[in-house]
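*Asks:* My questions are about this predicted structure, shown below with the sequence.
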Amino acid sequence: MGIESEQLVFDYLSRVGDLAQQHGLPSGTRMRLVASLRAEIDAQKADQKADSVPGVKRLLARLGTPEAVVKAAADGAGGPGAQGAGGAGARAAPPRWPGPRSRSGPPSGPVRGRSSAG
C-alpha cells in the first residue's frame, strides 16, 4: 500500500481510537475495536485490490464514519445499529467488529503460585 493510502487508514483508526476513549470505552474494548477494524480494512483491501487512495477512501466510507463506528460500539451494537448514524457511508452495513467478549468460567492458561501437585 502506498504512503498516502496508509496515512488515510492510520488517520481513520486514530480517530476511532480517540473517539472511543472520549466515549469512555474500556481500553480492551478500544483495542479490540481498532484491531478488528484494521483486520477488516486489510481483508477488504486484499479482496478488492483497493491500494489506491480513491479505493481506500471508498473502503473507509463503507465502514462508516469514525463517529458512527464508535457510537455503535458504545451502544453495544454488534448488529445493524449503524443505520441512521448519518453520512454517506452509513448505509445498512453494520459495524464489523466482534464487540466486547464476555468471560465466563475460570481464566485460561496456567495459574501462577502454588502447584496443586504434591
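*Replies:* Perfect, thanks for sending it. Residues are numbered from 1 along each chain as shown.

*Asks:* If you count neighbours, what's buried in the one helix or strand Leu8 maps to?
*Replies:* Following DSSP states H and E, one finds Leu8 within helix 3-22. Within helix 3-22, the residues scored as buried using 16 or more other C-beta atoms under 10 Å are 5, 8-9, 12-13, 16-17, 19-20. No exception for glycine: its C-beta is placed from N, CA and C like everyone else's.

*Asks:* out of those residues, who's nearest Pro66?
*Replies:* Nearest to Pro66 among these: Val16, at 4.5 Å, using C-beta to C-beta.

*Asks:* Can you tell me the closest non-neighbouring residue to the closest one?
*Replies:* Counting by C-beta to C-beta, 6 or more residues apart in numbering, Pro66 is the residue found nearest to Val16 once chain neighbours are left out, at 4.5 Å.

*Asks:* cool, and Leu8?
*Replies:* Counting by C-beta to C-beta, 6+ apart, Val56 is the residue found nearest to Leu8 once chain neighbours are left out, at 5.1 Å.

*Asks:* correct me, but that neighbour touches Asp11?
*Replies:* No: under the criterion of C-beta atoms under 8 Å, Val56 lies out of contact with Asp11, with a separation of 10.6 Å.

*Asks:* where does the protein dip in pLDDT?
*Replies:* 1, 77-118 (pLDDT under 70).

*Asks:* Thr65: neighbouring residues, count only.
*Replies:* As a burial measure, Thr65 scores 21 neighbours (other C-beta atoms under 10 Å).

*Asks:* Lys49 too?
*Replies:* Other residues within reach of Lys49, judged by other C-beta under 10 Å, total 8.

*Asks:* And stretch 57-64, what's buried?
*Replies:* Those would be 59-60, 62-64, for stretch 57-64 by 16+ other C-beta under 10 Å.

*Asks:* Longest helix in this structure, by number of residues?
*Replies:* If you go by DSSP state H, the chain has its longest helix at helix 27-48.
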